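[1] no letters, just coordinates:
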């Protein structure tokens with residue numbers, strides 16, 4: 001369960017690459033990178049947790065609705081936390 005196991009899809013217009021991982025039917029993790037994302041070269045990722053399609057905060061996962069400036073290792077930890085909390089394998093949604 002690592003970000004590298006999933007394919008980031010780049011939007012040619014915006015330059016933003018994204019992947020969405022569903023953990024069951026109600027919870028998802030949106031991961032983006034690129035121009036316009038809250039990121040730097042060494043911390044290139046921004047995430048948001050969605051519950052029933054709406055951005056939400058989850059205790060122990062994200063303390064802000066949108067969490068930026070994350071490394072790949074930090075995103076991997078969030079994926080593992082969501083798996084542990086839900087018991088659901090992440091499913092990639094394009």
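    That came through fine. Treat the numbers as computed from the prediction; the structure is a model and nothing was measured.
[2] for the residue nearest to the spatial centre of the chain, grab phi and psi.
    Centroid-nearest residue in the chain: residue 31, 3.1 Å away (criterion: Cα atoms, centre = their mean). Main-chain dihedrals, residue 31, degrees, to the nearest 10: phi -120, psi 130.
[3] surely it touches residue 18?
    Yes. Counting by Cβ atoms under 8 Å, residue 31 does reach residue 18; the two are 6.5 Å apart. For glycine as for every other residue, the C-beta is placed from the backbone atoms N, C-alpha and C.
[4] okay, and the common contacts of those two?
    Listed as contacting both residue 31 and residue 18 by Cβ atoms under 8 Å, 6 or more residues apart in numbering are residue 8.
[5] just for the chain, where's the confidence low?
    Filtered on pLDDT under 70, the chain yields the residue ranges 94.
[6] ok, residues contacting stretch 32-50?
    3, 8, 10, 14-18, 27-31, 55-58, 61-62, 65-72, 74-75, 78, 82.
[7] mark which of those residues are buried, thanks.
    3, 16-18, 27-31, 61-62, 67-68, 70, 75, 78, 82 (16 or more other Cβ atoms under 10 Å).
[8] return the subset of those lying in helices.
    When the buried ones among the contacts of stretch 32-50 are checked against helices (DSSP state H), the matches are 75, 78, 82.
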